[in-house]
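Undergrad: Fold the following for me, if possible:
(one chain, ligands or ions: 2)
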Amino acid sequence: MRDSLIRNYEAAKELYAQHGIDVEGALEALSRIRISMHCWQGDDVRGFLNKDGALTGGISVTGSYPGAARTPEELRGDLEKAFSLIPGKHKVNLHAIYADTDEQVELDKLEPRHYEKWVDWAKQQGLGLDFNPTCFSHEKSKDGFTLSHPDPDVRRFWIDHCKAARRIGAYFGEQLGQTCVTNVWIPDGFKDNPVDRIAPRLRLKESLDEVFAEELNPSYNLDAVESKLFGLGSEAYVVGSHEFYMGYGIQNDKLICLDAGHYHPTEVISNKLSSLALFTSGILLHVSRPMRWDSDHVVTLDDELIEIGRELVRGELLDKTHIGLDFFDASINRVAAWVIGTRNTLKALLRAMLDPVDALRKAELEGDYTTRLALTEEFKSYPFGAIWDYYCARMGVPVREEWLAEVRAYEQQVLPGRLT
Ligand code: RNT
Ligand code: ZN
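TA: Ligands and ions are numbered 1, 2, ... in the order given. This is a model prediction of the structure:
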């Protein structure tokens, strides 16, 4: 390791130590955190099952940066490149449409074997896998409804797809020795004000009961449900709202997924964690960055990300929280998008671990809000960067923006082949 990195680290460590902060302990804790990196940033949520299928479901990707992965091999190559630039061992979050198979298989007939190659690869890379049924971009979701569809045959199809997804999740967990989180998100909703708000919710509740009826080993698979406020084309009403899934999740012991982009524009998920934590056995996060709407921008180290990190660390919620990323930007290099978003999420956690929490808590308890504010603000210019740089070097990944040169070199190497 370069001398300057060590020197800066030692000096920074000393400053933090003056506040009783155990920097080594923080780095150790950080190295144990697994972030679930979403495969769908790599190809603009296209997947491999629907040849030429357009993205539907009220989500949308904009941008025309060249080089989106076109095959499972390309996607795995891109993921490997990204992971080589991110400190730590992590997970990959797959959607059902990313099955790696030559068979023409329908979503309701998917089986673990269609993901065997992903599992072999994950084993070889030391990665965990998470999973999602894909209830969009499909002929049977064209009219905007899936599990809450008024037609029982359509509902049946999506129920069977979600059941298949859970079994695949359990297979991942069993094979990899790491619990898989299988997250159900559906786009169901109305563009304009509905007459009947309760009937679709009742149908969704019944469909979910069926989806989750089969008991699976919770150390292999955990189920999560993801709510949303609105989507493109479902501006007036979304069946799976926050209240719906909060109720469902608590009543049925499912993980509740909080996606940072799924609330009113000024509403933040950081402020929800401490409440949900008291009433649930676990939480799933979709760390994203909404810009004016659920735009799924690449996660930056902004106030909300820092606040999410603080809540997880200060509330000791890391053990019960599964941290997943959910963004898709096709206007920049897609490997870079992963690296930026994942490194930022780790940085937010490390920053939170290096806060003088004991002193801040004491000040707050004593009503000394002057100290609380002063210390919070002064810590913003503490040499966090020196600790992060040292951590990256120690974990064998590029320091600071050095990773960008590697992405550029990789781009030069793979892009020409993808333009044909
Ligand atoms: C959509 C949800 C959902 C998707 C992914 C692709 O608004 O956030 O999580 O982004 O499943
Ligand atoms: Zn999401």
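
Undergrad: Could I get the full set of helices for the stretch 301-420 of the chain?
TA: Ranges of helices within the stretch 301-420 of the chain are 303-314, 334-353, 357-365, 369-379, 384-394, 402-418, based on DSSP state H, counting those that start in this stretch.

Undergrad: Could you single out the most deeply buried of these?
TA: Mean neighbour count (mean count of other Cβ atoms under 10 Å) peaks for helix 334-353 among the helices of the stretch 301-420 of the chain, with a mean of 24. Glycine gets a C-beta too; all of them are placed from N, C-alpha and C.

Undergrad: what does the stretch 251-400 of the chain have sitting close to ligand 1?
TA: Counting by Cβ under 6 Å from any ligand atom, the residues of the stretch 251-400 of the chain close to ligand 1 are 259, 286, 294, 326.

Undergrad: Scan those and report the most crowded one.
TA: Neighbour counts for these (other Cβ atoms under 10 Å) peak at residue 326, which has 28 neighbours.

Undergrad: Let me see the contact set for that one.
TA: The contact partners of residue 326, by Cβ atoms under 8 Å, 6 or more residues apart in numbering, come to 38, 259, 261, 286-288, 296.

Undergrad: from these, which are also near ligand 2?
TA: 259, 286 (Cβ under 5 Å from the ion).

Undergrad: Closest one of the contacts of residue 326 to residue 381?
TA: Checking the contacts of residue 326 against residue 381 by Cβ to Cβ gives residue 287 as the nearest, at 24.8 Å.

Undergrad: ok, and the closest non-adjacent residue to that closest one?
TA: Nearest in space to residue 287, with sequence neighbours left out and distances taken as Cβ to Cβ, 6 or more residues apart in numbering, is residue 325 at 5.1 Å.

Undergrad: count of neighbours near that neighbour?
TA: A count of nearby residues for residue 325, using other Cβ under 10 Å, gives 25.

Undergrad: related to what we said a few turns ago, among the residues of the stretch 251-400 of the chain next to ligand 1, which are in strands?
TA: Counted as lying in strands by DSSP state E, out of these, are 259, 286.

Undergrad: As a markdown table, the residues of the stretch 251-400 of the chain next to ligand 1 with pLDDT would be great.
TA: Output for these, formatted as a markdown table (pLDDT from 0 to 100):
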| residue | pLDDT |
| --- | --- |
| 259 | 98 |
| 286 | 98 |
| 294 | 96 |
| 326 | 98 |
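
Undergrad: where does the protein have low pLDDT?
TA: 420 (pLDDT under 70).

Undergrad: what about the strands in it?
TA: For the chain, the strands defined by DSSP E occupy 35-38, 91-95, 128-132, 180-184, 189-190, 221-226, 237-238, 255-259, 283-287, 321-325.

Undergrad: what residues does this protein put near ligand 2?
TA: Within reach of ligand 2 by Cβ under 5 Å from the ion, the chain has these residues: 259, 286, 326.

Undergrad: TSV for the helices of the stretch 301-420 of the chain, including distance to residue 53?
TA: Formatted as TSV, the helices of the stretch 301-420 of the chain follow (distance: least, Cβ to Cβ, whole Å):
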stretch	distance to residue 53
helix 303-314	32
helix 334-353	19
helix 357-365	48
helix 369-379	48
helix 384-394	39
helix 402-418	19
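
Undergrad: Contact partners for residue 36?
TA: 90-93, 128, 130, 181, 322-325.

Undergrad: and with 10 Å instead?
TA: Taking Cβ atoms under 10 Å, 6 or more residues apart in numbering as the criterion, residue 36 is in contact with 90-94, 127-130, 180-181, 183, 284-287, 322-326, 342.

Undergrad: Got a ChimeraX select line for the buried ones in those?
TA: Remark: buried members of those, expressed as a ChimeraX selection using 16 or more other Cβ atoms under 10 Å:
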select :90,91,92,93,94,127,128,129,130,180,181,183,284,285,286,287,322,323,324,325,326,342
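
Undergrad: Could you tell me which helix of this protein is the longest one?
TA: helix 152-176 (DSSP state H).

Undergrad: so what's the residue located most distally from the centre of the chain up against?
TA: No residue in the chain sits farther from the centre than residue 366, which is 37.3 Å out by Cα atoms, centre = their mean. Neighbouring residues of residue 366 by Cβ under 10 Å, 6+ apart: residue 372.

Undergrad: any idea how far it is from ligand 2?
TA: 40 Å (Cβ to the ion, to the nearest Å).

Undergrad: how near is residue 41 to residue 297?
TA: Residue 41 is 11 Å from residue 297, where distance means Cβ to Cβ, to the nearest Å.

Undergrad: More neighbours: which of those two?
TA: Legend: neighbour count by other Cβ under 10 Å for residue 41 and residue 297, higher for residue 41 (29 against 18).

Undergrad: Run a quick check on the more buried one versus residue 78, I expect a contact.
TA: Yes. Assessed by Cβ atoms under 10 Å, residue 41 is found in contact with residue 78 at 9.2 Å.

Undergrad: The longest helix of the chain packs against which elements?
TA: strand 91-95, helix 116-125, strand 128-132, strand 180-184, helix 198-211, strand 221-226 (3 or more Cβ pairs under 10 Å, 6 or more residues apart in numbering; DSSP states H and E).

Undergrad: rerun at 7 Å
TA: helix 116-125, strand 128-132, strand 180-184, helix 198-211, strand 221-226 (3 or more Cβ pairs under 7 Å, 6 or more residues apart in numbering; DSSP states H and E).

Undergrad: Quick one: those as JSON lines, columns for distance to residue 70 too.
TA: Formatted as JSON lines, the helices and strands packed on helix 152-176 follow (distance: least, Cβ to Cβ, whole Å):
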{"stretch": "helix 116-125", "distance to residue 70": "16"}
{"stretch": "strand 128-132", "distance to residue 70": "21"}
{"stretch": "strand 180-184", "distance to residue 70": "25"}
{"stretch": "helix 198-211", "distance to residue 70": "31"}
{"stretch": "strand 221-226", "distance to residue 70": "27"}
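
Undergrad: returning to what we had before: touching ligand 1 at all, the longest helix of the chain?
TA: No. Helix 152-176 is not in contact with ligand 1 by Cβ under 6 Å from any ligand atom; minimum separation 11.6 Å.

Undergrad: Show me how far that helix is from its chain's centre.
TA: A distance of 20 Å separates the centroid of the chain from that of helix 152-176, by Cα atoms, centre = their mean, to the nearest Å.

Undergrad: try stretch 408-420
TA: With Cα atoms, centre = their mean, you get 27 Å for stretch 408-420.
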